[in-house]
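[1] what follows is a protein structure lacking sequence information:
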C-alpha cells in the first residue's frame, strides 16, 4: 500500500535561511506525489505535485521539490525562508481509487 | 464564490444535538470528500462521493451521515456525537481523471467542538 513518512514534526529556520522539509514515500507503482500547506484556521492548499516527467517540480511561493526514485524521496525546499512561510506542510501520495494518503505533517517555524 | 466553501466555519454542539455541515464546490468537479483533522493525528479520509454515489466509507461511525444531492454539494449530518469527535472537518473536491492527477482542492474547514 502507498504511504508517506514525514521526518520531523517541527522544523525551525531563521528568515532568509534554506527550508528543507523531508518526505519519503512507499509505493509499488509509480507514485503521484503532492505537497500541501495549511495556514492557521484554513484548509489545505496545493503547493506542488509530481506525476510524471521532470523530476524537479516548481510550485507556488518559491517552493520546489525533487522526486528521487532511488531514494524514494520527495523533499520540499525553498532557498530563502520568509516569515509568511510559517505553516504546517503535508506530503501526500495518491493511491488507487483516487485516495490521497497524507503524512503526519511538519510545522515550519520561521524566526526573525 | 470560488473554489470550495464550507459552512459554518465554527460549530459548538452538545452530545444530544443534531446539526449539519455543508460543503459546496464551484469548480465543476465530479468527486467530493470529507476528511477529519484531529490534533496530532494524520488527516483521516471519512467519505468519498463520485458522481453523487458514495464510493468510500472509511469505517466511520453511523453518528456521521453524509449526503450528496448533486456533484456540487456535500453535507455531513451529525447526531449524538462524542467529545472525541471534536476536530476540524475538511471538505475537498477533485476531477476524477488521470489527466487532472486527481489533485484535491480543499475548503477552509468547519471547526467542530462537542460539549
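    Everything's here; your move. Note that the structure is predicted; figures quoted are calculated from it, not measured. Numbers count the residues shown, from 1 in each chain, chains lettered A, B, ... in the order given.

[2] rest of the way, CA atoms for contacts and neighbours
    OK.

[3] list the beta-bridge partners for the residue nearest the centre of chain B.
    By CA atoms, centre = their mean, chain B has its centre lying nearest to residue B:34, at 2.8 Å. With DSSP bridges as the criterion, residue B:34 is bridged to residue B:47, residue B:91.

[4] wait, it touches residue B:56, no?
    No - using CA atoms under 8 Å, residue B:34 is not in contact with residue B:56, being 10.2 Å away.

[5] so what sits against both of the two?
    Common contacts of residue B:34 and residue B:56, defined by CA atoms under 8 Å, 6 or more residues apart in numbering or on different chains, comprise B:46, B:47, B:48.

[6] give the contact list for residue A:77.
    Neighbours of residue A:77 in contact, by CA under 8 Å, 6+ apart: A:18, A:19, A:20, A:21, A:63, A:64, A:65.

[7] for the last one, which three-state class applies?
    If I follow you right, that is residue A:65. strand (DSSP: H, G, I helix; E, B strand; the rest coil).

[8] identify the residue spatially nearest to it, adjacent ones excluded.
    Nearest residue to residue A:65, sequence neighbours excluded (CA to CA, 6 or more residues apart in numbering or on different chains): residue A:76, at 4.5 Å.

[9] pull up the per-residue confidence for the one you found.
    Listed pLDDT for residue A:76 reads 98.

[10] helix or strand for it, just tell me which one.
    Assigned by DSSP states H and E, residue A:76 belongs to strand A:73-78.

[11] tell me the helix or strand right after that strand.
    strand A:87-94.

[12] the residue in chain A positioned nearest to chain B and residue B:115, how far apart?
    Residue of chain A nearest chain B, by CA to the nearest CA: residue A:43 (4.0 Å). Noted for residue A:43: a distance of 24 Å to residue B:115, by CA to CA, to the nearest Å.

[13] who has more neighbours, those two?
    More neighbours surround residue A:43 than the other of residue A:43 and residue B:115, with 21 against 14 (other CA atoms under 10 Å in any protein chain shown).

[14] that one is in contact with residue B:110, isn't it?
    No - using CA under 8 Å as the test, residue A:43 is too far from residue B:110 to be in contact (9.3 Å).

[15] between strand A:87-94 and the strand holding residue A:76, find me the angle.
    Angle, strand A:73-78 to strand A:87-94, by axes from the mean of the first three to the mean of the last three CA atoms, to 10 degrees: 150 degrees.

[16] name the nearest residue to the residue of chain A closest to chain B, sequence neighbours excluded.
    Using CA to CA, 6+ apart, the nearest residue to residue A:43 is residue B:108, at 4.0 Å.

[17] separation between that neighbour and residue B:93?
    12 Å.

[18] now residue B:25
    Per CA to CA, residue B:25 is found 7 Å from residue B:93.
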